[in-house]
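Fold the following for me, if possible:
(chains A and B)
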Amino acid sequence: MTAILEPDEATPAPPPAKRRAVLKHRRGSRWMHWINFPLLTIMIWSGLRIYWAEDIYAFGILDWEWFKFFPEWFYETLGLNRKLARGLAFHFSFAWLFAINGIAFAIYTLVTGEWRELVPDRRALKDSVAVVLHDLHLRKEAPSQEGRYNAVQRMTYSLIILLGGVALLTGFAIFKPTQLSFLTTMFGGYTMARRIHFAVTIIFMLFFVVHILQVARAGWRNFASMLTGYEVVDAEVATDQEEVDHG
Amino acid sequence: MAERPELSMDEYRRRSRRSFLTGGAALAAGFAGWRGVQRSAADRRIPGILRDVHGVNESIWSSLFREDHLAKEFAYEDASILQVNGVIGIRDEIDVDEWRVVVMGPDREIWGFHDLADIQALPRHEMTIEHKCIEGWAQVTNWGGARFSDFLELYADRLTDDISDVYLETPDRDYFVTMDMATMRHPQTLLAYDMLGEPLDNDHGAPLRLATPLKYGIKQIKRIGLIQFNTDKARDYWGDRGYDDYVGL
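Residues are numbered from 1 along each chain as shown, chains lettered A, B, ... in the order given. Okay, here's the model as predicted:
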């Protein structure tokens, strides 16, 4: 989530001539990322219209309810109340597009070898602590990294993609609990599959908030690279990066 | 990063402009597509294109439907009296002794009448299944009754191959459903007359209702007054109010 090629804040701005643009996100990744954004938004929006009809999930112990999801004004403001039939219609239609795009992304990532930059490597767990400390300005240097993403990004993005698969599978387990009973059983039954499906949705929503904040923090160059594919880097920093990559 | 392609800043600016234009065009196209869905002519209260996708989903899942694939059954101890969600079609008083179900063919020709004793004369089957409401809740309950497939045997000589759907409605005609023949032939589709071994009470659809784990509760009509065999889909209470007609589970 942090921009890995951002110059260190202490580095003075170099003269423009020394900048260059380095490929960061391939065309396939960019398209599928941006296609996924509205599709997942529609899935969550229509999903909340479905959830409204039986909004029972809460945190608590026995009779004591500590936290219940979504107050009534939330549904009313977003037009989510009393729209179950429409919610189902949108959900069961756009689910196909969400599934196709997600499966295409998984295949693309495997075929192009991009998964190597995505899955956490051996150092990921150790490095992630350093990344978080660095992000919180409690540590001066970010740990070295191989590829586009740092340890926290690798873990988070991998988890989110994995949860996309869980959302899809639990979705089908709920959609056809008899015809796809093996799926429903795998997720611990119909009620549990619904709980998992909902929990994954909440994680997506939390991820979205953090993702937006981190992208805003990482700056324009990082954001633009998700559109153009190329990230503008300052030459000296890029040189350092090369040494890091091969070190 | 050494192996990654690089661009000079001049090339990058050209590329950047192209990317932003492409992105803008994609955004506009996506937005137009979304408006297109929202504005497609309504088909029974939902955008027509979504109704069409419901139809595609139905053709996929009905072609995968197998009459010998049974819904999971649960232990009888886990069963409880079902939550009552809808009373449309069962609001007025009924004399169970006077009750009859009418059976009709496609042209509304009357094929027969049955009282509860006729249905109870068919072999009794029991199932403890998870009942699922389209609103999201699920509850394990126990039904006892006759298999609809056994009831079909009574009319075996009149049921031609072109009979594809069964239309059922309450005596006051306020509630009605259309069911596909494959689901009706399934061994877990019952003409139920008891729950947890007790005769159905009024709120649960006395004296006779449909019970099947293969559809949401909205299809499991209470207090059946008419069973009509059709060659086409007839009206459906919730299907006509924006829900999917198939709602198979």
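
ok, now which ones touch the residue sitting nearest the centre point of chain A?
For chain A, residue A:160 is the residue whose C-alpha lies nearest the centre (CA atoms, centre = their mean; 4.6 Å). The contact partners of residue A:160, by CB atoms under 8 Å, 6 or more residues apart in numbering or on different chains, come to A:203, A:204, A:207. To be clear about C-beta, it is placed using only N, CA and C from the backbone, and glycine gets the same treatment.

Let me see the ranges of the helices in chain A.
Ranges of helices in chain A, per DSSP state H, are A:27-52, A:72-77, A:84-112, A:115-118, A:124-135, A:151-175, A:181-186, A:190-218, A:220-228, A:235-246.

and those as TSV, adding mean pLDDT?
As requested, the helices of chain A are exported to TSV (pLDDT from 0 to 100):
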stretch	mean pLDDT
helix A:27-52	95
helix A:72-77	87
helix A:84-112	96
helix A:115-118	86
helix A:124-135	82
helix A:151-175	94
helix A:181-186	96
helix A:190-218	95
helix A:220-228	93
helix A:235-246	47
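
nearest to residue B:67, of the ones you listed?
Proximity to residue B:67 (CB to CB) singles out helix A:181-186 among the helices of chain A, at 14.9 Å.

Could you report the distance from the residue lying closest to residue B:189 once chain neighbours are set aside to residue B:61?
Nearest non-adjacent residue to residue B:189, counting by CB to CB, 6 or more residues apart in numbering or on different chains: residue B:212, 4.1 Å away. Going from residue B:212 to residue B:61 by CB to CB, to the nearest Å gives 15 Å.

Need the per-residue pLDDT for the residue nearest to residue B:189.
pLDDT, residue B:212: 98.

and it, how many neighbours does it have?
Neighbour count of residue B:212, defined by other CB atoms under 10 Å in any protein chain shown: 27.

Please look at residue B:23 and residue A:229 and confirm they touch.
No - using CB atoms under 8 Å as the test, residue B:23 is too far from residue A:229 to be in contact (11.3 Å).

Could you check which of those two is surrounded by more residues?
Neighbours of residue B:23 and residue A:229, each counted by other CB under 10 Å, are more numerous for residue A:229; the result is 22 against 15.

Redo the helices of chain A as a markdown table? Include distance to residue B:19.
Output for these, formatted as a markdown table (distance: least, CB to CB, whole Å):
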| stretch | distance to residue B:19 |
| --- | --- |
| helix A:27-52 | 8 |
| helix A:72-77 | 35 |
| helix A:84-112 | 19 |
| helix A:115-118 | 21 |
| helix A:124-135 | 28 |
| helix A:151-175 | 22 |
| helix A:181-186 | 40 |
| helix A:190-218 | 17 |
| helix A:220-228 | 4 |
| helix A:235-246 | 21 |
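
residues contacting residue B:195?
By CB under 8 Å, 6+ apart, the contact set of residue B:195 is B:81, B:82, B:141, B:142, B:143, B:144, B:204.

Which strand residues bridge it?
Residue B:195 has the following beta-bridge partners by DSSP bridges: residue B:143, residue B:198.

Next one: it from chain A, what distance?
20 Å (CB to the nearest CB, to the nearest Å).

of the helices of chain A, which approaches residue B:70 most closely?
Taking CB to CB, helix A:181-186 is the member of these nearest to residue B:70, at 8.9 Å.

Please enumerate residues in contact with the closest one?
With contact meaning CB under 8 Å, 6+ apart, helix A:181-186 is reached by A:169, A:172, A:173, A:174, A:177, A:190, A:193, B:69, B:71, B:72.

Tabulate the residues you listed in a markdown table, adding columns for distance to residue A:151 and neighbour count.
Below are those laid out as a markdown table (distance: CB to CB, whole Å; neighbours: other CB atoms under 10 Å in any protein chain shown):
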| residue | distance to residue A:151 | neighbour count |
| --- | --- | --- |
| A:169 | 27 | 17 |
| A:172 | 33 | 19 |
| A:173 | 32 | 25 |
| A:174 | 34 | 24 |
| A:177 | 39 | 25 |
| A:190 | 37 | 20 |
| A:193 | 32 | 23 |
| B:69 | 46 | 13 |
| B:71 | 46 | 19 |
| B:72 | 43 | 16 |
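
can you put the residues you listed in a markdown table and add distance to residue B:198?
Listed next are these as a markdown table, based on distance: CB to CB, whole Å:
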| residue | distance to residue B:198 |
| --- | --- |
| A:169 | 39 |
| A:172 | 36 |
| A:173 | 33 |
| A:174 | 31 |
| A:177 | 27 |
| A:190 | 25 |
| A:193 | 31 |
| B:69 | 30 |
| B:71 | 22 |
| B:72 | 24 |
